[in-house]
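Peer 1: Just the structure for this:
(chains A, B and C)
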Amino acid sequence: MGIGKIMKDAATRLFRKPSTIGYPLKPERVEVPDSYRGAIDFDPKLCVGCMLCVRFCPSGAITVADKRRIAFDLARCIYCGQCAEVCPRKAIKLTKEFELIYESIESFKQQ
Amino acid sequence: MLALELLAAAPLIATASLLYDGVDRKVRARMQGRVGPPLVQPFYDFVKLLSKDRIVPRASARLIYTTSPLLSSALAVTAGSLLLAGLAGSLRVPGDVVLILSLLTVASLLLMVGGASSGNPYAAVSLARGVSVLFSYKVPMMISVIAASAGGAPLLSVAGAVELQRKSGPLALSSVSGALALASFLLCMPSEGEVTPFDVTTAETEVVYGFMIEYGGPYLALAKLAKSVSRFTAALLASSLFLYTPLGSRPVELAACALGAVVLALISITALGTFVARVRVRQVAGFYLRLPMVLALGALAALLLGRF
Amino acid sequence: MEVGRRLTRLPFGPLHPATKEPALLMLTVDGERVVEAELRLGYVYRGIEALAQTRNIVQVLHLVERVCGICSHAHPFCYVQAVESVAGIEPPGRALYIRTIVAELERLQNHLLWMGVLGYQLGFTALFMYAWRVRESVLDILEEMTGNRIMRGVNAIGGVRVDLSDRVKAKMEALVKDARKWAAFLSDVLHDKTVEARLAGVGVLTRSDAVSTGAVGPTARASGVDFDVRRDYPHAAYEDLRGAFSVPVLSSGDALARAEVRVAELAESANLLEAALDTLPSDRRSPPPPHRVLREVPEGESVAKVEAPRGELFYYARTDGKGFLKRLRIRTPTLANLPALAVMLKDVELADVPAVYASIDPCISCTERVLVVDARSGAWRETSLRELGKGCGAAC
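Peer 2: Prediction:
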């Protein structure tokens, strides 16, 4: 009897801790793994200007801004991590930061 | 005097109904392993919906479309208030049980017709389904209620049934007829509450909430209130007609009766709705003609046999 | 037409709780009976194939991963095979195994998701939430292994971008046991009378219809078509793992059979995972750097196919020798299954439409490449299921 099994499962669930959490209202941290691909962290001091990241970014989120500086547009970014992978100096890292909420589209642009 | 009491009872039944909806959603969520919404979520929903724009489809029959949620919720609340008045002992009219059930029926019908008047084809399909469902479960429901309240004086009244049970204990526990009638009534309750497995009229995946499809804003708030009050009134009716327990003082008994209603609703609406899949339209009519009908008629027969 | 019969046109979509994705199923109903069903697509066309011609080979890898959110591994999995066969790149054995393992985990989560959707379609919330809850444990492992729940970015041309740590491997071994439990549980639920009553005999697709409409995957296997890319055209590690799994095939062709096939595949995926984890090779070699890939892929063309959770997924890639693609063609399993849907929907009850629609596990955003362009006028026109049924060749 499948229904019997479902009933038993539901009845025991009633008294167990729920699988969901009250995010973001409850101050419970959502843990993401170390390999998570979140917001981009770029260290301009390490950059040698090889432009490989610009060439391989699938969404065109990485551009060359004025004064030959690399600029990232996190609104265009698809967080694939290809830039971090091709960077010969490891100047680009993808952090564990995933709560990327900005009030304007302009503030997604980072240098 | 009675009018005043009914006016006082109206917000009470409305609040209790919405609160039960909150309990229902919470318990349902916990059975599925979810945190679920806060208990007062239905109140938030109600207030928010009330504050939204009133949108009336151009193709609708405007007057019916806009007035039926209000009328429907008013009728449902009246039914609930009458029940409360009967429970409190201030309403002693023969046949008020039948009146309560009829009011609930008209409230359901009004809402369906109002929704169907929107001109949406889904609402039309839903109305056709709804009418067939309505008549299939209302008959056993009515018979079981009549069987339950036939012993009291005044005849067929909440007050009469309560008086009887105060003397001889809960009907469902003290007589075969009462037990059978309760079983039949409980099977009808999911249909009254329009929940799975019998929610064929408002099934979201099949008919996109059926006759409710076009309602939004204040209309939806009232339509949901009507549904919610009907649902809880039916549960409270079951609790007071079948399981009214004499505990000495009336306030304690009333509280126990309300608690009983919540427990009954949790069993036949919340739990059942979680455990089973929705049935087909034809299966609804087929189902109610068999088990609940047999139980209700059995209750009536047992009552008559016991008397003679 | 009979006299006095009132036919109603009921637009099932494009925004409908049962279709989830924007697809319009125009139903002609006689009371509760569906007389005719016509599927119209074109609401989420994204032009991915055209976009693929404007990006280099490595960039396209991330593009095709985003064709579908649920089978986001199957697409790059298939794409890298096509590109690798043009370039003659032989990925290391461990990489092939990791691709296979992720593909099977993806099948697990896809089928669990699908079971949940089926439960939802039937108003069976306990099943819905059960399936989605256990699916989370698959996603948790995938997240720990690759960093993300979906869009996992496992594949690279000539290898994989992630490795399988011992900790994750141990978790996967535990998951294999759980998956068998889930499969047993779900099988019991499916065979409960109340569920069986809703699914048995509903939306029947006969074997000959399945063959003539070109159905693939679980949809075809539930109708007695014994075909599975993993077994019949083995790729990646499936060649080595041939003995570890069997292909469940049923003959009744109804919605229940399609559900049963998927539940059986849960258990088979668990078997495959177990065998793959047991024999995981240890030759860790990182894939060639992307700029070398661009230089090394010559001009050429190739096809590849994989068994995506929904059925056979097909890629055609034509490279230009300069690191770009001249043409990329994707044939998703849903596209192959849509003509079968028209057959299934004939004469069903309105109440069964959601379950039948869901039973092919349609993924509309995957499929939206069927805008038919009239070569003479250059005009785009929407394509209906009936046209697709007539000759898939014209639309593909």
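
Peer 1: of all the residues in the stretch 201-350 of chain C, which ones are close to chain A?
Peer 2: With Cβ under 8 Å from any Cβ of the partner chain as the criterion, the stretch 201-350 of chain C comes near chain A at residues C:289, C:290, C:291. Backbone N, C-alpha and C define where each C-beta goes, glycine included.

Peer 1: which secondary element of chain A has the worst mean pLDDT?
Peer 2: Using mean pLDDT, DSSP states H and E, the weakest-scoring helix or strand in chain A turns out to be strand A:109-110, at a mean of 74.

Peer 1: ok, the closest residue to residue B:87 other than its chain neighbours to chain C distance?
Peer 2: When the adjacent residues along the chain are set aside, residue B:87 lies closest to residue B:240, with 5.5 Å between them (Cβ to Cβ, 6 or more residues apart in numbering or on different chains). Distance from residue B:240 to chain C, counting by Cβ to the nearest Cβ, to the nearest Å: 30 Å.

Peer 1: again with residue B:215
Peer 2: Residue B:215 is 16 Å from chain C, by Cβ to the nearest Cβ.

Peer 1: Correct me if wrong: that residue contacts residue B:68.
Peer 2: No. Using Cβ atoms under 8 Å, residue B:215 makes no contact with residue B:68, being 9.6 Å away.

Peer 1: Give me the common contacts of those two.
Peer 2: With contacts taken as Cβ atoms under 8 Å, 6 or more residues apart in numbering or on different chains, residue B:215 and residue B:68 have residue B:115 as neighbours in common.

Peer 1: Local confidence estimate at residue C:1?
Peer 2: Per-residue pLDDT puts residue C:1 at 37.

Peer 1: Check residue C:374 too.
Peer 2: For residue C:374, the model assigns a pLDDT of 43.

Peer 1: repeat for residue C:395
Peer 2: Model confidence at residue C:395, given as pLDDT, is 36.

Peer 1: now swap in residue B:111 and tell me
Peer 2: 91.

Peer 1: Just give the closest residue to it, not the sequence neighbours.
Peer 2: residue B:72 is the one closest to residue B:111 (Cβ to Cβ, 6+ apart), at 4.3 Å.

Peer 1: Now that neighbour: which helix or strand?
Peer 2: Using DSSP states H and E, residue B:72 maps to helix B:62-88.

Peer 1: Tell me which other helices or strands the very next helix or strand once past that helix touches.
Peer 2: Sequence-wise, the next helix or strand downstream of helix B:62-88 (DSSP H and E) is helix B:96-116. Using 3 or more Cβ pairs under 8 Å, 6 or more residues apart in numbering or on different chains; DSSP states H and E, the elements in contact with helix B:96-116 are helix B:62-88, helix B:121-149, helix B:158-168, helix B:217-242.

Peer 1: Comparing those, which comes out most buried?
Peer 2: Comparing the helices and strands packed on helix B:96-116 by mean neighbour count (mean count of other Cβ atoms under 10 Å in any protein chain shown), helix B:217-242 ranks first with a mean of 25.

Peer 1: re the thing from before, distance to residue B:270 and mean pLDDT for the helices and strands packed on helix B:96-116 - can I get that in a markdown table?
Peer 2: Shown next, in a markdown table, are the helices and strands packed on helix B:96-116 (distance: least, Cβ to Cβ, whole Å; pLDDT from 0 to 100):
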| stretch | distance to residue B:270 | mean pLDDT |
| --- | --- | --- |
| helix B:62-88 | 19 | 92 |
| helix B:121-149 | 18 | 88 |
| helix B:158-168 | 24 | 85 |
| helix B:217-242 | 11 | 92 |
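
Peer 1: Of all those helices, which one is nearest residue A:36?
Peer 2: Nearest to residue A:36, of all the helices and strands packed on helix B:96-116, is helix B:217-242, at 40.5 Å by Cβ to Cβ.

Peer 1: got a list of contacts for the next helix or strand after the closest one?
Peer 2: Once the chain leaves helix B:217-242, the next helix or strand it forms, by DSSP H and E, is helix B:250-265. With contact meaning Cβ under 8 Å, 6+ apart, helix B:250-265 is reached by B:16, B:20, B:23-24, B:87-89, B:166, B:186, B:189, B:193, B:231-232, B:235-236, B:238-240, B:243-247.

Peer 1: how about residue C:316, secondary structure?
Peer 2: Per DSSP: H, G, I helix; E, B strand; the rest coil, the secondary structure class of residue C:316 is strand.

Peer 1: Residue C:305 is in contact with that one, correct?
Peer 2: No. Contact between residue C:316 and residue C:305 fails when scored by Cβ under 8 Å: they sit 9.8 Å apart.

Peer 1: More neighbours: which of the two?
Peer 2: The neighbour comparison of residue C:316 against residue C:305 (other Cβ atoms under 10 Å in any protein chain shown) goes to residue C:305, with 19 against 16.

Peer 1: Helix, strand, or coil at that one?
Peer 2: Of the three states, residue C:305 takes strand under three-state DSSP.

Peer 1: Check the gap between residue B:15 and residue B:286 for me.
Peer 2: Separation of residue B:15 from residue B:286 (Cβ to Cβ, to the nearest Å): 37 Å.

Peer 1: To clarify, my last question referred to residue B:174.
Peer 2: From residue B:174 to residue B:286 the distance is 33 Å (Cβ to Cβ).

Peer 1: rewinding a little: quick one: which of the helices and strands packed on helix B:96-116 is nearest residue C:69?
Peer 2: Among these, the nearest to residue C:69 by Cβ to Cβ is helix B:121-149 (28.4 Å).
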